[in-house]
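Turn this into a model:
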Amino acid sequence: MRLTATFVTLTILVALYVGLAFASERERGNELYQLLASESPHSRFVGQSYILGVMDATHSLNRVWRLPLRWTIPPEVSNGEIFKAVKKYLEQHPNERDKTAYVLINTALGSAFPPKK
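Alright, predicted model coming up:
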């Protein structure tokens, strides 16, 4: 039983890590900004879903490795406010948009919602 639980846990962690590594290298800030600024509801939805996925992966990995989060989202903050904060950061820092979207999302959230001390 313990061996099975260990195997399942390791499989999940590897899948999270590989998925995160793939996602973090694939999407750049310019591409994310184009999605968020698009007139198409579908494109905006894809960009917003990407942000939520990065947030979830970051939170999960930081818990597993006991790393501090670079942001803290208060309970009263809506997803819409989170998306606006990321879009605003990308608008204000066009010279950084060549970085990976994963890094930029975490930087934007840290700027808009700094961690609790």
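
What distance do you get for the residue lying closest to A112 once chain neighbours are set aside to N95?
Spatially, and ignoring its direct neighbours in sequence, A112 is nearest to A85 (3.7 Å; CB to CB, 6 or more residues apart in numbering). For the C-beta atoms, the positions are set from N, CA and C on the backbone; glycine is no exception. As for A85, its distance to N95 is 19 Å (criterion: CB to CB, to the nearest Å).

again, but for I82
Between I82 and N95 the computed distance is 23 Å (CB to CB).

More neighbours: which of these two?
I82 (21 against 7; other CB atoms under 10 Å).

need the contact list for that one.
51, 55, 73, 109, 112 (CB atoms under 8 Å, 6 or more residues apart in numbering).

Tell me the pLDDT of the last one.
Residue-level confidence at A112 comes out at 97, pLDDT.

Surely it touches Y89?
Yes: A112 is within contact range of Y89, at 7.1 Å (criterion: CB atoms under 8 Å).

The two: which has the busier surroundings?
Comparing A112 with Y89 by other CB under 10 Å, the one with more neighbours is Y89, at 21 against 17.

Would you mind naming the helix or strand containing the more buried one?
helix 79-92 (DSSP states H and E).

How far away from the center of its chain is that helix?
12 Å (CA atoms, centre = their mean, to the nearest Å).

Which stretches in this protein count as helices?
For the chain, the helices defined by DSSP state H cover 2-26, 29-37, 41-64, 79-92, 101-112.

and the spatially most central residue of the chain, what pLDDT?
Closest residue to the average C-alpha location of the chain: V54 at 2.4 Å, with CA atoms, centre = their mean. pLDDT recorded at V54 is 93.

Quick check: it vs R70, distance?
Computed as CB to CB, the V54 to R70 distance reads 12 Å.

same check, this time on N30
For N30, the distance to R70 equals 22 Å [CB to CB].
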